[in-house]
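> Need the 3D shape of this:
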Amino acid sequence: MAPQLDAYFSQVDSLSEHFINRLREAVAIPSVSAEDERRPDVVKMGEWLGSQLKSLGAEVELRPLGKQPGKEHLDLPPVVLARYGRDAKKRTILVYGHYDVQPALPEDGWATDPFKLTVDDKGRMYGRGSTDDKGPVLGWVNAIEAHQKAGIDFPVNLLMCFEGMEEYGSEGLDDLIEAEAKKYFADADAVCISDNYWLGTEKPCLTYGLRGCIYYSIEVSGPGQDLHSGVFGGTAHEPMTDLVKLMGTLVDVDGTIRVPGLNELVAPLTDKEKALYKDIAFTMDNLYESLGSTTGIHADKERTLMGRWRFPSLSLHGVEGAFSAPGAKTVIPAKVIGKFSIRIVPDMEIDEVNKLVIKYLDEQFAKLGSKNSYKTVVQHAGKWWVASPAHWNFTAAGKAVERVWGVKPDLTREGGSIPVTLTFEQATGKNVLLLPMGSSTDAAHSINEKLDRRNYVEGIKLLGAYLHYVAEEPMVEQ
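As a prediction, this is how the structure comes out:
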């Protein structure tokens, strides 16, 4: 039996300006986790969020995480842990989000003040953090208030975990989640994260997979200091020449990774999985619009999406130590560090990938016959994540999307990484759902970040509807 949600939806509509003002207050707090001088603002944002939840009757704890590693003069911002409801007869849903944001300066190219929510005549709400992730976080807060004002019983017990360091690597969060998995989060039946985006602008989606990422550096050094090419060119092995050769062996122009053995680690594509791509609302023109060119590798939608989501990719990112400013400088750098990453997918295990990559680069360097020194370093690594879209957590969310938006959602993966997703899954043993609010044009992390008013208001309806459907969905996979 479908939940009766009309009164809730009507209440969200009537409170929409109030909810926009709440987002305006949040955006005005410049909670930039990457800037030391903004740390008081990040803490202020956590305290503000906690007070919003307390005012609605939630049990709230601002959990300290101690000092920031490597910056012991700084306290990490608190994690906002909250609970709304303790009814043993109801299911318990754990939701995650973050209240910190990326840096933003007007001189970066913003058309408006990044820390002042500005709504244009098309309903686009511009402001840093509007879509990533303050809007979605406040969606849960707003859903509680709309239920209260409509006099509707809240359908689940809601556990909340909102952090303030996501944009700086979620320092300290994994340890907290693992420590609280059998304590604070012990009664969670499923997990929902709203910190990603629709594939396009018109059709909602549910996300069930993310690629992992391993980031490498190749260091080549030789001379004791930088050299003048007019004096020493032709007399010494040049580190930059070696590095360019090495990086050029990693990937072909068509994206094919040239490290032997990597493709054999990838899970085979099944017919069932392949069928999921057919009806996804995406065209090659969508890709070309995002690229600003027609330089896509693949000619069709299905292979393009698989290239983004379910196959590995290797990208070259840059060179440290080499001349990169405008103009000409005839220097031979003494040491250069090349940087690249591999996006990994099921069933690629990090240790196996590292062994293959390092072995391959060792062999390629040996072939050069260079007298320079060389090493490959793994900078950081994060595992891939895939959930079952047939799980009752997903089927309930799918029904909620149909109720709010009138269409079946696309089932998507994403090419990027949200490491906390895997942490929650492994620590709690529960299914994790990614339920986005914003769309592909929101420009998260970029200038002129925005959240459409429609996505915000309908997104509040969606989060509430999801809680109603997940409260009664049979706990079986379809």
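
> Going by C-alpha atoms from here, please, whenever you check contacts or count neighbours.
Fine.

> What residue spans form the domains of this structure?
6-210+384-472, 213-266+311-382 (automatic domain parsing).

> end to end, how far does the last one reach?
One end of domain 213-266+311-382 sits 5 Å from the other (C-alpha to C-alpha, to the nearest Å).

> cool, and stretch 123-139?
Stretch 123-139: ends 17 Å apart by C-alpha to C-alpha.

> Likewise for stretch 93-109?
40 Å.

> what does stretch 309-327 give?
The first-to-last residue distance of stretch 309-327 comes to 39 Å (C-alpha to C-alpha).

> And stretch 206-226, by the same measure?
Across stretch 206-226, the terminal residues are separated by 52 Å (C-alpha to C-alpha).

> go on, stretch 362-376?
End to end - C-alpha to C-alpha - stretch 362-376 spans 8 Å.

> repeat for stretch 82-96
OK, stretch 82-96 end separation, C-alpha to C-alpha: 11 Å.

> cool, and stretch 427-437?
25 Å.

> can you tell me which of the domains of the chain comes nearest to Leu287?
domain 6-210+384-472 (9.9 Å; C-alpha to C-alpha).

> just to revisit the earlier point, could you export the domains of the chain as a markdown table, including mean pLDDT, mean neighbour count and distance to Leu291?
As requested, the domains of the chain are arranged in a markdown table below (pLDDT from 0 to 100; neighbours: other C-alpha atoms under 10 Å; distance: least, C-alpha to C-alpha, whole Å):
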| stretch | mean pLDDT | mean neighbour count | distance to Leu291 |
| --- | --- | --- | --- |
| domain 6-210+384-472 | 97 | 20 | 13 |
| domain 213-266+311-382 | 97 | 16 | 16 |
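
> so which of those domains comes closest to Gly296?
Using C-alpha to C-alpha, the nearest of the domains of the chain to Gly296 is domain 213-266+311-382, at 9.4 Å.

> Please state the offset of that closest one from the chain centre?
How far domain 213-266+311-382 lies from its chain's middle: 26 Å, per C-alpha atoms, centre = their mean, to the nearest Å.

> cool, and stretch 98-110?
With C-alpha atoms, centre = their mean, you get 16 Å for stretch 98-110.

> got the contact list for that stretch?
30-35, 42, 45-46, 112-114, 128-129, 132-134, 137, 162-167, 445, 447-448 (C-alpha atoms under 8 Å, 6 or more residues apart in numbering).

> Let's see that with 7 Å instead.
31-33, 42, 45-46, 113-114, 128-129, 133-134, 162-167, 445, 447-448 (C-alpha atoms under 7 Å, 6 or more residues apart in numbering).

> quick one: Asp189 from Val156, how far?
In terms of C-alpha to C-alpha, Asp189 sits 10 Å off from Val156.

> Can you check which residues contact both of those two?
Common neighbours of Asp189 and Val156 (C-alpha under 7 Å, 6+ apart) are 91-93.

> The chain: helices as residue ranges?
6-14, 16-27, 39-55, 135-150, 173-180, 229-232, 239-248, 271-275, 284-291, 301-309, 350-368, 392-405, 419-428, 453-472 (DSSP state H).

> Tabulate the shared contacts of Asp189 and Val156 in CSV, adding columns for distance to Leu173.
Below are those laid out as CSV (distance: C-alpha to C-alpha, whole Å):
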residue, distance to Leu173
Arg91, 25
Thr92, 21
Ile93, 19
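
> ok, now which ones touch Phe185?
Counting by C-alpha under 7 Å, 6+ apart, Phe185 touches no other residue.

> With Glu402 as the reference, measure out to it.
29 Å.

> do the same with Pro260
Counting by C-alpha to C-alpha, the gap from Pro260 to Glu402 is 45 Å.

> Also Val386?
Val386 sits 23 Å away from Glu402, going by C-alpha to C-alpha.

> check contacts around the nearest residue in space to Thr283 that is not next to it in sequence.
Leaving aside its chain neighbours, Thr283 sits nearest to Lys301 (6.0 Å; criterion: C-alpha to C-alpha, 6 or more residues apart in numbering). Going by C-alpha under 7 Å, 6+ apart, Lys301 touches 282-284.

> Dump the helices of the chain into a markdown table; add distance to Pro436 as well.
A markdown table is the format used below for these (distance: least, C-alpha to C-alpha, whole Å):
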| stretch | distance to Pro436 |
| --- | --- |
| helix 6-14 | 18 |
| helix 16-27 | 17 |
| helix 39-55 | 20 |
| helix 135-150 | 8 |
| helix 173-180 | 22 |
| helix 229-232 | 53 |
| helix 239-248 | 36 |
| helix 271-275 | 21 |
| helix 284-291 | 19 |
| helix 301-309 | 17 |
| helix 350-368 | 28 |
| helix 392-405 | 11 |
| helix 419-428 | 14 |
| helix 453-472 | 8 |
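
> just curious, which of the shared contacts of Asp189 and Val156 is nearest to Leu206?
Ile93 (16.7 Å).

> so the closest one touches Asp187, yeah?
No: with contact defined as C-alpha atoms under 7 Å, Ile93 does not reach Asp187; the gap is 8.5 Å.

> next one: phi and psi at Lys430?
With angles defined as degrees, to the nearest 10, Lys430 sits at phi -110, psi 160.

> Look up how far Thr118 lies from the residue nearest to it when sequence neighbours are not counted.
Once flanking residues are discounted, Lys430 sits nearest to Ala190: 5.3 Å by C-alpha to C-alpha, 6+ apart. Using C-alpha to C-alpha, one gets 35 Å for the distance from Ala190 to Thr118.
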